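**Q** I'll drop the sequence and a predicted model, then ask my questions.
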Amino acid sequence: MLFPADLVQLKVDAPPGIFAQHLASGEIVFNQGDLGDSVYVIQSGECEVLREIDGKHEQIALLGSGDYFGEMAVLSDLTRGATVRAVTASNVLLIPKDEFDLLKENVPVFDQFFRELAESRTPGPNGSAAGTESAG
């Protein structure tokens, strides 16, 4: 059966918004070098931030409830600077880049906070950050 074009609507995109996601222990959230498409906020559980150095993964941070990660790649439109893996079963909020950008544009304090955070997490010349490292 055929329908006139003005009667048919096909929605292929996921609805916008912030999503809750469950991570199993040991599950990789994203890998170093992946495209940065979302920011994550940990509701419960723990995640570790791993950076590949000389072919070995080294833990550079352990994050828990209330911590967030993934903002550096989203802010800079670069690839992920580290791998993030759930250490325990975890629940996170996933904020897609479009929604993150919308918050930045409409809430100046939000933008300022995350820019300052990203600066504090940017590795210096010796590879260590001024503040807590993240997995942009």
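**A** Yep, that arrived. Note that the structure is a prediction, hence the values are computed from the model and not measured. Residues are numbered from 1 along each chain as shown.

**Q** Which stretches in the protein count as helices?
**A** 71-76, 97-106, 108-121 (DSSP state H).

**Q** Let me know how buried the nearest residue to residue 43 once chain neighbours are set aside is, in neighbour terms.
**A** Take residue 43 and drop its neighbours on the chain: the residue closest to it by Cβ to Cβ, 6 or more residues apart in numbering is residue 91, 4.4 Å away. Every residue, glycine included, has its C-beta placed from N, CA and C. Counted with other Cβ atoms under 10 Å, residues neighbouring residue 91 total 15.

**Q** And residue 56, by the same measure?
**A** 8.

**Q** now do residue 43
**A** Counted with other Cβ under 10 Å, residue 43 comes out at 14.

**Q** ok, so what distance separates it from residue 67?
**A** Per Cβ to Cβ, to the nearest Å, residue 43 is found 10 Å from residue 67.

**Q** Kindly report the same for residue 39.
**A** 12 Å.

**Q** Could you check which of the two has the larger neighbour count?
**A** residue 39 (25 against 17).

**Q** Identify the residues contacting the more buried one.
**A** 68-71, 74, 94-95, 97, 100 (Cβ atoms under 8 Å, 6 or more residues apart in numbering).

**Q** Which one of the residues you listed sits in the busiest neighbourhood?
**A** Busiest of the contacts of residue 39 [other Cβ under 10 Å] is residue 70, holding 28 neighbours.

**Q** now that one: how far from residue 59?
**A** 17 Å.

**Q** and what of residue 117?
**A** Taken as Cβ to Cβ, the span from residue 117 to residue 59 is 20 Å.

**Q** Looking at the two, which is more packed in?
**A** More crowded of residue 117 and residue 59, by other Cβ under 10 Å: residue 117, with 17 against 13.

**Q** Hmm, that one is touching residue 71, no?
**A** Yes. Counting by Cβ atoms under 8 Å, residue 71 is a contact partner of residue 117 at 6.6 Å.

**Q** ok, back up a step: ok, the residue nearest to residue 43 - contacts?
**A** 20-23, 42-45.
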